[in-house]
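# I would like to see how this sequence folds:
(one chain, ligands or ions: 3)
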Amino acid sequence: MQIKRVEDIYLPDSLLVLLFEGEKFSGINNEICEIIETLKSRRDFTGKKGSLLRVPLIQGNLYLLGLGKREDCKLNLIRDSLAKGLRNIGRNHNKSAFVYLENLKNFDSLCVALGEAAILCAYSFDKYKTKDEDYEAFSLNEIYTDIYDDKEISQGVKFAESQVYSRELANEPGCVITPEKLAEHAKKLADKLNLECEIWDENKIKSEKMGALLAVGIGSKNPPRFIHLAYKPANPVKKIAIVGKGITFDSGGLNIKPDQFMLTMKGDKTGACNVLGILKGAAELNLNVEVHGIIAAAENMPSGSAYKPDDIIRARNGKTIEINNTDAEGRLVLADALCFASELKPDAIIDMATLTGACAVALGKNRAGLFANNDELADKLLDSSTKSGEPYWRMPLEDEIISESLKSPFADLVNCGERYGGAIFAALFLKEFISNNIAWAHMDIAGVDFLDKERGIYSKGASSFGVRTCLNYLCGIC
Ligand code: BES
Ligand code: MN
Ligand code: ZN
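Ligands and ions are numbered 1, 2, ... in the order given. Below is the predicted model:
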């Protein structure tokens with residue numbers, strides 16, 4: 001997708017105008033203004049939030065998109081609306097679009113949102129569909145705009161490309177992306193971007209005392225992998241570790257999931273895919289922060305060699321864990337990864353995981369859970385979340401009763417508590433593996449990782465929610 005400054009009043013084959021309810025439009029040229037005012041007076045288009053109207057002109061099409069009342073509009077709505085409008089244009093055989101932004105120029109980071117929408121609107125996971133004669137490719141490849149901020153647009157484009165990279169991987173099914181394949185993708189990315197890259201196979205995982213990751217991966221014929229990437233600029237201001245849950249398929253293991261819960265569990269590697277997307281973004285934006293990407297990858301399967309309820313395993317920091325549910329596997333693989341991250345003594349650790357159905361029940365499909373042992377880190381992440389339009393809600397990381405339920409009669413910890421407070425239990429479990437007083441945030445992205453229908457910037461499937469929040473955060477510290 002190319003994004004260019006519009007020369008004079010050049011009208012390509014489509015024109016996108018975002019309109020507020022009750023606001024007179026006076027841009028572009030008299031003809032367009034007249035059309036818009038006529039449509040308004042006939043109440044064909046009033047600017048109602050979410051409304052979209054295509055008006056065929058002699059030359060090309062005019063697309064009108066309603067934003068509702070100006071006072072209620074946030075950048076997030078503009079980003080979503082731009083994506084919706086551009087997606088429609090691209091599906092309508094139009095190759096180029098002029099996006100009129102003059103009436104929106106008071107919104108901060110407007111061109112970041114345009115860059116993001118331009119890339120995200122064009123993405124769909126359709127590589128496995130046969131392209132027969134009815135197939136219509138997305139045709140839009142040139143966007144012109146009257147308000148052009150070079151730096152903002154390129155930032156938005158890079159943010160979105162990182163998200164698309166993660167979505168493309170997360171959408172792949174479990175038969176394509178195994179832990180080994182995920183590691184190959186990480187290596188390929190590292191080679192391309194000159195990142196440091198270390199991959200541990202199951203033997204090394206064992207000798208490195210990652211007993212929890214090993215236990216989860218042992219039941220599958222596709223063995224586990226531990227992946228460590230590092231982006232190291234010359235004089236970084238900070239060192240940040242980003243940790244991802246990389247369960248390439250979560251069947252539940254011997255505590256097998258019922259059918260309707262197993263479907264979409266290819267998405268249980270989204271945290272890991274996001275980590276790779278963030279590393280790509282950090283390197284391509286030349287951020288002045290050292291960023292470590294840490295991934296614990298395994299396939300959670302039932303088999304004769306699988307780990308079992310009642311097993312007692314030992315994590316990298318020496319803590320023992322009694323397994324009472326093999327479906328609570330994410331916290332186990334993360335335990336070893338968080339120990340490793342703590343050993344690097346970074347300024348902060350952020351982990352991302354499709355960790356608990358309980359978090360999705362609590363917050364729905366549009367908001368992720370944020371847990372943190374440090375208010376400053378939490379506030380910075382919430383601020384980045386608002387900027388990127390990926391909503392989070394801070395959840396408690398303190399609870400006497402739930403903390404008590406983490407104890408096992410036979411080991412240091414159990415891996416699973418009662419149903420109530422399941423997301424908090426999981427977060428408190430993870431906290432046991434953070435050492436050296438490091439500022440740490442845990443993002444539970446279960447529920448927001450996968451969309452069953454397209455919405456705003458998202459197409460159906462993996463959302464890779466969290467990539468832009470983290471990139472925004474990293475941009476903010478350098
Ligand atoms: N990967 C799941 C969590 C999940 C659920 C992600 C729904 C996305 C959508 C996780 O490994 C899991 O199975 N969690 C269990 C925990 C329980 C056994 C304590 C759950 O949420 O039911
Ligand atoms: Mn599970
Ligand atoms: Zn899982």
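
# next, count neighbours for residue 106.
7 (other CB atoms under 10 Å). (Each C-beta comes from the backbone N, C-alpha and C, glycine too.)

# correction: residue 189
If we define neighbours as other CB under 10 Å, then residue 189 has 20 of them.

# what about it, helix or strand, and which?
According to DSSP states H and E, residue 189 maps onto helix 179-193.

# cool, and residue 469?
Going by DSSP H and E, residue 469 is part of helix 467-476.

# pull the longest helix from the protein.
Ordering each helix of the chain by length in residues (DSSP state H) puts helix 150-171 first.

# that helix close to ligand 1?
No. Using CB under 6 Å from any ligand atom, helix 150-171 stays clear of ligand 1, with a minimum separation of 11.8 Å.

# what do you get for stretch 338-357?
Yes. Against ligand 1, stretch 338-357 shows contacts by CB under 6 Å from any ligand atom at 354, 355, 356, 357.

# did I read that right, residue 256 in a helix?
No. Read with DSSP: H, G, I helix; E, B strand; the rest coil, residue 256 is coil and lies in no helix.

# doesn't residue 301 make contact with it?
No. With contact defined as CB atoms under 8 Å, residue 256 does not reach residue 301; the gap is 9.4 Å.

# please say which of those two ends up with more neighbours.
More crowded of residue 256 and residue 301, by other CB under 10 Å: residue 301, with 23 against 15.

# give me every residue in this protein lying close to ligand 1.
Counting by CB under 6 Å from any ligand atom, the chain comes close to ligand 1 at 250, 268, 325, 327-330, 354-358, 360, 416, 422, 446-447.

# quick check: closest non-adjacent residue to the residue in the chain that ligand 2 sits nearest to.
Using CB to the ion, the closest approach of the chain to ligand 2 is made by residue 327 at 3.9 Å. Take residue 327 and drop its neighbours on the chain: the residue closest to it by CB to CB, 6 or more residues apart in numbering is residue 252, 4.0 Å away.

# neighbours of the one you found, how many?
19.

# next one: residue 452
9.

# gap between it and residue 144?
Distance, residue 452 to residue 144, by CB to CB, to the nearest Å: 34 Å.

# now swap in residue 194 and tell me
Using CB to CB, residue 194 is found at 34 Å from residue 144.

# for residue 364, same thing?
Residue 364 is 37 Å from residue 144, by CB to CB.

# which residues touch residue 443?
By CB atoms under 8 Å, 6 or more residues apart in numbering, residue 443 lies in contact with 271, 350, 351, 352, 353, 368, 369, 370, 371, 392, 466.

# for burial, what's the neighbour tally of the residue in the stretch 301-450 of the chain that ligand 1 sits nearest to?
Using CB to the nearest ligand atom, the single residue of the stretch 301-450 of the chain nearest to ligand 1 is residue 357, 3.1 Å away. Applying other CB under 10 Å, we find 16 residues neighbouring residue 357.

# thought residue 2 was touching residue 140?
No. With contact defined as CB under 8 Å, residue 2 does not count as touching residue 140 (10.2 Å).

# and the strands in the stretch 101-250 of the chain?
Here the stretch 101-250 of the chain has its strands, by DSSP state E, counting those that start in this stretch, at 142-145, 196-200, 225-231, 239-250.

# got the buried residues for the second one?
Of the residues in strand 196-200, those buried under the neighbour-count criterion (16 or more other CB atoms under 10 Å) are 197, 199, 200.

# now it against helix 179-193, angle please.
For strand 196-200 against helix 179-193, the angle between stretch directions is 170 degrees (axes from the mean of the first three to the mean of the last three CA atoms, to 10 degrees).

# what lines up beside strand 196-200 in the sheet?
Strand 196-200 sits in its sheet next to strand 225-231 (antiparallel), going by DSSP bridges.

# report the rounded mean pLDDT for the strand it pairs with.
Averaged across strand 225-231, pLDDT comes to 99.

# what does stretch 16-27 give?
94.

# quick one on the thing from earlier: could you dump the contacts of residue 443 to JSON lines with neighbour count and pLDDT?
JSON lines is the format used below for the contacts of residue 443 (neighbours: other CB atoms under 10 Å; pLDDT from 0 to 100):
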{"residue": "271", "neighbour count": "34", "pLDDT": "98"}
{"residue": "350", "neighbour count": "27", "pLDDT": "99"}
{"residue": "351", "neighbour count": "29", "pLDDT": "99"}
{"residue": "352", "neighbour count": "30", "pLDDT": "98"}
{"residue": "353", "neighbour count": "33", "pLDDT": "98"}
{"residue": "368", "neighbour count": "27", "pLDDT": "98"}
{"residue": "369", "neighbour count": "26", "pLDDT": "98"}
{"residue": "370", "neighbour count": "24", "pLDDT": "98"}
{"residue": "371", "neighbour count": "25", "pLDDT": "98"}
{"residue": "392", "neighbour count": "25", "pLDDT": "98"}
{"residue": "466", "neighbour count": "31", "pLDDT": "98"}
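
# show me the contacts for residue 450.
Counting by CB under 8 Å, 6+ apart, residue 450 touches 264, 267, 270, 461, 462, 463.

# for the stretch 301-450 of the chain, which residues are neighbours of ligand 3?
Contact residues, the stretch 301-450 of the chain versus ligand 3 (CB under 5 Å from the ion): residue 330.

# which of residue 364 and residue 144 has more neighbours?
A count of neighbours by other CB under 10 Å puts residue 144 above the other of residue 364 and residue 144, at 20 against 13.

# gap between that one and ligand 1?
40 Å (CB to the nearest ligand atom, to the nearest Å).

# how about that residue: which residues does it bridge to?
residue 4, residue 98.

# let me know whether the helix or strand containing residue 339 sits next to ligand 2.
Assigned by DSSP H and E, residue 339 falls within helix 330-343. No. Helix 330-343 does not reach ligand 2 (CB under 5 Å from the ion); its nearest approach is 6.1 Å.

# helices or strands up against the helix or strand following that helix?
Moving toward the C-terminus from helix 330-343, the next helix or strand (DSSP H and E) is strand 348-353. Counting contacts by 3 or more CB pairs under 8 Å, 6 or more residues apart in numbering; DSSP states H and E, strand 348-353 is packed against strand 239-250, helix 270-284, helix 330-343, strand 439-444, helix 467-476.

# can I get the strands of the stretch 101-250 of the chain in a markdown table including distance to residue 80?
Converted to a markdown table, the strands of the stretch 101-250 of the chain look like this (distance: least, CB to CB, whole Å):
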| stretch | distance to residue 80 |
| --- | --- |
| strand 142-145 | 16 |
| strand 196-200 | 35 |
| strand 225-231 | 30 |
| strand 239-250 | 26 |
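
# can you tell me which of the ones you listed is most buried?
Neighbour counts (mean count of other CB atoms under 10 Å) averaged over each of the strands of the stretch 101-250 of the chain peak at strand 239-250, with a mean of 28.

# that one to helix 270-284, inter-axis angle?
140 degrees.

# export strand 239-250 as PDB, just CAs?
Output in PDB follows, covering the C-alpha atoms of strand 239-250 (Å, rounded to 0.1, in the frame of the first residue of the first chain):
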ATOM      1  CA  LYS A 239      16.200  -3.100  28.700                       C
ATOM      2  CA  ILE A 240      12.700  -4.700  28.400                       C
ATOM      3  CA  ALA A 241      11.800  -8.300  28.200                       C
ATOM      4  CA  ILE A 242       8.600  -9.400  26.400                       C
ATOM      5  CA  VAL A 243       7.400 -12.900  27.100                       C
ATOM      6  CA  GLY A 244       4.900 -14.900  25.100                       C
ATOM      7  CA  LYS A 245       2.800 -18.000  25.600                       C
ATOM      8  CA  GLY A 246       3.400 -20.200  22.600                       C
ATOM      9  CA  ILE A 247       1.000 -23.100  22.900                       C
ATOM     10  CA  THR A 248       0.700 -24.100  19.200                       C
ATOM     11  CA  PHE A 249      -2.400 -26.100  20.000                       C
ATOM     12  CA  ASP A 250      -4.200 -26.500  23.300                       C
END
